[in-house]
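> build the 3D model from these lines:
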Amino acid sequence: MIVAYELQCSQYFITISMDHLRVLFILIQDEFKEVIRLPNDANKEKRFKETIQRHSKLLELLWDLNGTFGYLFAINYIFLSSTICFCVISACTDGSLEDLKTLCISFLVIVNVFYCCRGGEYLANTASEVSTAIYDAPWYELPKKYRKDLMFIMSR
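This is a model prediction of the structure:
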């Protein structure tokens, strides 16, 4: 039972981390739109570089989050799927109440894994929408040095 609580708390932490990172990607979209609309001066170049660096750091965090928790979700899902299969087989042969409890708990944990994966999908979609936000802004009116950087960001 302690392992189940620990698993639920870790998945809750992962979900909060993904939601926080998703909000940061939404903010970087607005920041790119704002920087593109600024008049050309030294402040624009400074903010442009800062925004690009912030975007790169967010992408690194996204890859780190994927590398850290992607395998854990896969292992968790495989383990729970096999547990459900064995519980169903055991329930068909023995029909004990303990197997039914384990089966219900396994289904609840799989629903929790689904919600974590859903948060990850929202995060991936929001990260890819940064290029759409840049494309929707008037980036083509910028000087060539800015357009090259923005084209690279949009192609990511």
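
> gap between Leu62 and Tyr115?
To Tyr115, Leu62 is 19 Å away according to Cβ to Cβ, to the nearest Å. Placement of C-beta: from N, CA and C, glycine included.

> so between those two, which is more surrounded?
Set Leu62 next to Tyr115 and count neighbours by other Cβ atoms under 10 Å: Leu62 wins out with 20 against 12.

> grab the nearest non-local neighbour of the more buried one.
Using Cβ to Cβ, 6 or more residues apart in numbering and skipping the chain neighbours, the partner closest in space to Leu62 is Ala127 (5.8 Å).

> what do you get for Gly120?
Per Cβ to Cβ, 6+ apart, closest to Gly120 is Met18, 5.6 Å.

> what about that neighbour, helix or strand, and which?
helix 2-37 (DSSP states H and E).

> output the contacting helices and strands for the helix or strand following that helix.
The C-terminal neighbour of helix 2-37 among helices and strands, as given by DSSP H and E, is helix 42-93. Packed against helix 42-93, as judged by 3 or more Cβ pairs under 8 Å, 6 or more residues apart in numbering; DSSP states H and E, are the following elements: helix 2-37, helix 97-136, helix 144-155.

> at 6 Å instead, please
helix 2-37, helix 97-136 (3 or more Cβ pairs under 6 Å, 6 or more residues apart in numbering; DSSP states H and E).

> what's the burial count for Asp48?
In this structure residue 48 is Phe, not Asp. 20.

> for Ile110, what are its contacts?
Residues counted as contacts of Ile110 (Cβ atoms under 6 Å, 6 or more residues apart in numbering) are Leu80.
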